[in-house]
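Q: When you get a sec, could you give me coordinates for this:
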Amino acid sequence: MYEYKVIPAPERADRIKGLKRPEDRFAHKVEEVLNDMAAAGWSFLRAESLPGEERRLLRSQSMVHNILVFYREIGSDEQTDATPSIAPDTSLDSTPPLSGAFRHDPGPPEPQLESPGRANDDDEEEERRS
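A: This next block holds a predicted model:
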């Protein structure tokens, strides 16, 4: 079983001596957050941008929230008997699924094309009819 932690992604980076470009400072800040969470036992899963709504005074405003998602395995001693135990499906991949998330459906299979010999037979039948 897995436990998830979601934190807001950093919005701005601190000034660091030797890092002049804003993208370098931002990358350093994200790296710092990832290393801090890894030291606390969390594994990075993904970064997401999710829509949200915030109320300011009397108006609502649509916002985009950037978040970082981490996970870690819950040990058997932390599980309670009240929670049902479901065997994870490890055949898909090693990354644990998010609750409520779904996998991309590749869609219906592509239609089979007729063999070239078949197309020629149809052409021959049309010539005979004319």
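Q: any weak-confidence spans in this protein?
A: Applying pLDDT under 70 to the chain flags the ranges 76-130.
Q: hmm, who's touching the biggest helix by length in it?
A: Across the chain, the longest stretch assigned as helix under DSSP state H is helix 22-39. Outside helix 22-39, the residues within contact range by C-beta atoms under 8 Å, 6 or more residues apart in numbering are 5, 7, 9-10, 12-16, 19, 44, 68, 70. Where you see a C-beta, it was placed from the backbone N, CA and C, and this is true even at glycine.
Q: Which residue ranges of the chain form helices?
A: Counting by DSSP H, the helices of the chain are 22-39, 116-129.
Q: In the longest one, which residues are buried?
A: Residues 25-26, 29, 33, 37 are the ones in helix 22-39 that count as buried (16 or more other C-beta atoms under 10 Å).
Q: what's the neighbour count on the nearest residue to Asn66 once chain neighbours are set aside?
A: The shortest distance from Asn66 to any non-neighbouring residue, by C-beta to C-beta, 6 or more residues apart in numbering, is to Ala9 (4.0 Å). Applying other C-beta atoms under 10 Å, we find 15 residues neighbouring Ala9.
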